[in-house]
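In: Just the structure for this:
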Amino acid sequence: MKKGILDLLKGRFLVSEDSVKNWRFILFISILAVIMISSAHHADKKVHELAKINNEVLELRSEFVDVRTKVQQVKLESNVTSQVAASGLRPSLIPPKKIMVAKKK
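Out: The predicted model follows:
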């Protein structure tokens, strides 16, 4: 038991006769570690990108609400009447009449 631990600490398993098998395994584990680290970095990058896009969506939504409120204020009849009054236009005092068209058979 003590000899096995000392051999492991000294690295004799890397230079023994069957060390090729050990080196292949170490290389395989190293490649898997690199792939795992790369995958984690890509996932973190996507999470940050998603958070940034969500913030942009929230900003654009609030901007949309602001613009929609301004448009509704501009479309009010009182605002339209006051803006076109300078041109000499005023609202009609006679209500509009509905024209009914009979269908031909």
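In: lowest-pLDDT helix or strand in the chain?
Out: helix 2-10 (a mean of 76; mean pLDDT, DSSP states H and E).
In: need the next SSE after the helix or strand encompassing residue 70, C-terminal direction.
Out: Per DSSP states H and E, residue 70 falls inside helix 19-75. Once the chain leaves helix 19-75, the next helix or strand it forms, by DSSP H and E, is helix 77-84.
In: which helices and strands does that next one pack with?
Out: Contacting helix 77-84 under the criterion 3 or more C-beta pairs under 8 Å, 6 or more residues apart in numbering; DSSP states H and E is no other helix or strand. Where C-beta positions appear, they are placed from N, C-alpha and C, glycine not excepted.
In: Hey, what's the angle from that helix to helix 19-75? Just curious.
Out: With axes from the mean of the first three to the mean of the last three C-alpha atoms, to 10 degrees defining the directions, helix 77-84 sits at 70 degrees from helix 19-75.
In: who's sitting farthest from the centroid in this protein?
Out: Outermost residue of the chain with respect to the C-alpha centroid, by C-alpha atoms, centre = their mean, is residue 105; its distance is 57.6 Å.
In: if I look at residue 19, how far off is residue 26?
Out: In this view, residue 19 and residue 26 are 10 Å apart by C-beta to C-beta, to the nearest Å.
In: ok, now residue 94?
Out: Distance from residue 94 to residue 26, counting by C-beta to C-beta: 95 Å.
In: now do residue 79
Out: Shown here: residue 79 relative to residue 26, a distance of 77 Å by C-beta to C-beta.
In: for residue 105, same thing?
Out: Computed as C-beta to C-beta, the residue 105 to residue 26 distance reads 92 Å.
In: same thing with residue 4?
Out: Distance of residue 4 to residue 26, given as C-beta to C-beta: 18 Å.
In: neighbour-wise, which of these two wins?
Out: residue 26 (13 against 10; other C-beta atoms under 10 Å).
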